[in-house]
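# dropping the sequence and predicted coords here.
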Amino acid sequence: MKNPNLFSGAGVDCNRVKIGGRTDLLGDPNIKPEKPHTIIGFPGGDVEIARTSDGNYWVHVAVRHPVDDPLADRGKIIGARIDFDGRYGDEANRVLRKEVAAGDVTHIAFLVAQAQS
């Protein structure tokens with residue numbers, strides 16, 4: 001069953017994406033009004049950026065399964081990594097690679113807030 005909290009944006013709730021270009025979400029409706037969801041679909045999966053009520057952003061990467069949509073291209077996450085400021089996270093990446101290699105990772109999400117100076 002599809003997670004009702006994932007990719008909940010539809011039509012009027014979604015920002016347009018510039019294919020082959022950059023789409024900037026500014027997080028400030030006084031500068032540029034934006035809708036709460038930005039979704040990019042690709043063969044096998046989707047990326048969704050969803051603005052939270054407090055102005056942060058969830059970034060979701062998920063694969064599609066036949067149970068979600070029998071006609072959709074099925075996807076599988078085959079690699080992932082975490083980069084830290086100025087270093088590569090060996091231990092974190094070892095654990096992440098092990099989970100991905102097991103073959104059952106279907107969704108990865110990150111909550112991103114603007115860094116304070």
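Thanks, I have it. These figures come from a predicted structure and were not determined experimentally.

# pLDDT at the closest residue to residue 63 other than its chain neighbours, what is it?
The shortest distance from residue 63 to any non-neighbouring residue, by CB to CB, 6 or more residues apart in numbering, is to residue 75 (3.3 Å). The way it works is simple: take the backbone N, C-alpha and C, and place the C-beta from them, glycine included. Each residue has a pLDDT score; the one for residue 75 is 91.

# over to residue 75: give its phi and psi.
The main-chain torsion angles of residue 75 are listed as degrees, to the nearest 10 and equal phi -120, psi 160.

# contacting residues around it?
Listed by CB atoms under 8 Å, 6 or more residues apart in numbering, the contact set of residue 75 reads 43, 44, 45, 63, 64, 65.

# now residue 52
With contacts taken as CB under 8 Å, 6+ apart, residue 52 has the following neighbours: 58, 111.

# helix/strand/coil for the spatially most central residue of the chain?
For the chain, the residue lying nearest the average C-alpha position, counting by CA atoms, centre = their mean, turns out to be residue 60 (2.2 Å). With DSSP: H, G, I helix; E, B strand; the rest coil as the basis, the three-state label of residue 60 is strand.

# partner strands of the worst-scoring helix or strand of the chain on mean pLDDT, with direction?
Least confident helix or strand, the chain: strand 87-88 with a mean of 78, by mean pLDDT, DSSP states H and E. Partner strands and pairing direction for strand 87-88 (DSSP bridges) are strand 83-84 (antiparallel).

# what are the contacting residues of the strand it pairs with?
So strand 83-84 is contacted by residue 89 (CB under 8 Å, 6+ apart).
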